[in-house]
Structure formats: structure tokens, C-alpha cells
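> only geometry, no sequence info:
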């Protein structure tokens, strides 16, 4: 019975995952989603390039760089 109890306890501990790694993973997923969103905006802007859109593209690329290197 001791083996069975420790197995249940182990599964319960894993289901209560409040480890920093969980938050890092969530943060990484949020960053990835934001990078994909910004990249999509850049692609759309590149289809109709104007002086203003070029400046906006540069700003979006800077935001992506900050997300990657933060």
C-alpha cells in the first residue's frame, strides 16, 4: 500500500504544477504569439509599402527584437 500511496501523491504533486518552469513556458508561449502577431502585421504592411508603413514596419521589428532578446 505504501507504494500505491506514494504513486498517488506523486501524481497529485505533478497536477499541482506551480513550478517556475510552468510560468516560463507560458511566458514563452505568450512571446511567441506576440511575435507571430507582429510578423503578420509586418507582412500585411509590406504588401502596401509607403513611407509611413516602412516606419511602422521598423517599429514592429524593434518590438519583435525586444521580445526575442528580453
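Alright, I've got the coordinates. Keep in mind the model is a prediction, meaning the values are calculated, not measured.

> so where's the protein shaky on pLDDT?
Low-confidence segments of the chain (pLDDT under 70): 1-26.

> one more time with 50, if that's ok
For the chain, the stretches with pLDDT under 50 are 1-14.

> Helices of that one, residue ranges please.
Per DSSP state H, the chain carries helices over the ranges 2-15, 20-47, 51-69.

> Quick one: work out the angle between the last one and helix 20-47.
By that I understand helix 51-69. 160 degrees (axes from the mean of the first three to the mean of the last three C-alpha atoms, to 10 degrees).

> which residues are in contact with helix 51-69?
Contacts of helix 51-69 with the rest of the structure, by C-beta atoms under 8 Å, 6 or more residues apart in numbering, involve 31, 34, 35, 38, 39, 41, 42, 45, 46. All C-beta spots, glycine's among them, are computed from the backbone N, C-alpha and C.

> Mind checking which of these are buried?
38, 42, 45 (16 or more other C-beta atoms under 10 Å).

> quick one: residue 54 and residue 61, what's the gap?
11 Å (C-beta to C-beta, to the nearest Å).

> next one: residue 36
Separation of residue 36 from residue 61 (C-beta to C-beta): 14 Å.

> With residue 42 instead?
Distance of residue 42 to residue 61, computed by C-beta to C-beta: 7 Å.

> again, but for residue 53
Applying C-beta to C-beta, the value for residue 53 to residue 61 is 12 Å.

> Also residue 52?
15 Å.

> Neighbour count: those two, which is higher?
residue 61 (13 against 9; other C-beta atoms under 10 Å).

> how near is residue 62 to residue 48?
Note on residue 62: its distance to residue 48, by C-beta to C-beta, is 20 Å.
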